[in-house]
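In: give me a 3D structure for the following:
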Amino acid sequence: MPTKTVEPARFKDTMRTEYDLRGGVRGKYASRFKRDVVMVPLAPDVAAAFPDADAVNEALRILLKAAKKAAPAT
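Out: I've put the predicted structure just below:
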């Protein structure tokens, strides 16, 4: 006789009844993003240091250049 497994409390359905997602469309807004966009979550303190995505990209490019200079030649 199969035994019934008990789901851990962390997987308990806690969604409120007023949130009805049955009419939702998966990926409805996905086309707004470029195909080559990579979403990366930033810690709040890191995000606060940059005014926009261009500033983040500029800082990362500078870091990449510095890492290439510091890396031993192969």
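
In: switch to C-alpha atoms for all contacts and neighbour counts from now on
Out: Will do.

In: low-confidence stretches in the chain?
Out: 1-10, 73-74 (pLDDT under 70).

In: give me that answer again for 90
Out: Under the criterion pLDDT under 90, the flagged ranges of the chain are 1-24, 26-40, 71-74.

In: tell me where it has helices.
Out: 44-47, 53-70 (DSSP state H).

In: can I get these in TSV including distance to residue 18?
Out: Shown next, in TSV, are the helices of the chain (distance: least, CA to CA, whole Å):
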stretch	distance to residue 18
helix 44-47	30
helix 53-70	35
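
In: burial measure for residue 25, as a count.
Out: Residue 25 has 8 neighbours, counted by other CA atoms under 10 Å.

In: could you measure from it over to residue 41?
Out: 24 Å (CA to CA, to the nearest Å).

In: just to revisit the earlier point, okay, the helices of the chain in TSV with distance to residue 19 and mean neighbour count next?
Out: Formatted as TSV, the helices of the chain follow (distance: least, CA to CA, whole Å; neighbours: other CA atoms under 10 Å):
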stretch	distance to residue 19	mean neighbour count
helix 44-47	28	10
helix 53-70	32	11
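
In: closest to residue 34 out of those helices?
Out: helix 53-70 (13.9 Å; CA to CA).

In: quick one: residues in contact with the closest one.
Out: residue 50 (CA atoms under 8 Å, 6 or more residues apart in numbering).

In: can you dump the C-alpha coordinates of that helix into CSV?
Out: This file holds the C-alpha atoms of helix 53-70, laid out as CSV (Å, rounded to 0.1, in the frame of the first residue of the first chain):
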residue,chain,number,x,y,z
ALA,A,53,21.8,50.1,-16.7
ASP,A,54,24.4,52.1,-18.8
ALA,A,55,26.3,52.9,-15.6
VAL,A,56,26.4,49.3,-14.6
ASN,A,57,27.6,48.2,-18.0
GLU,A,58,30.3,50.9,-18.0
ALA,A,59,31.6,49.8,-14.6
LEU,A,60,31.6,46.2,-15.6
ARG,A,61,33.6,47.0,-18.8
ILE,A,62,36.2,48.9,-16.7
LEU,A,63,36.4,45.9,-14.4
LEU,A,64,36.9,43.5,-17.3
LYS,A,65,39.7,45.6,-18.8
ALA,A,66,41.4,45.7,-15.4
ALA,A,67,41.1,42.0,-15.0
LYS,A,68,42.6,41.4,-18.4
LYS,A,69,45.6,43.6,-17.6
ALA,A,70,46.1,41.9,-14.3
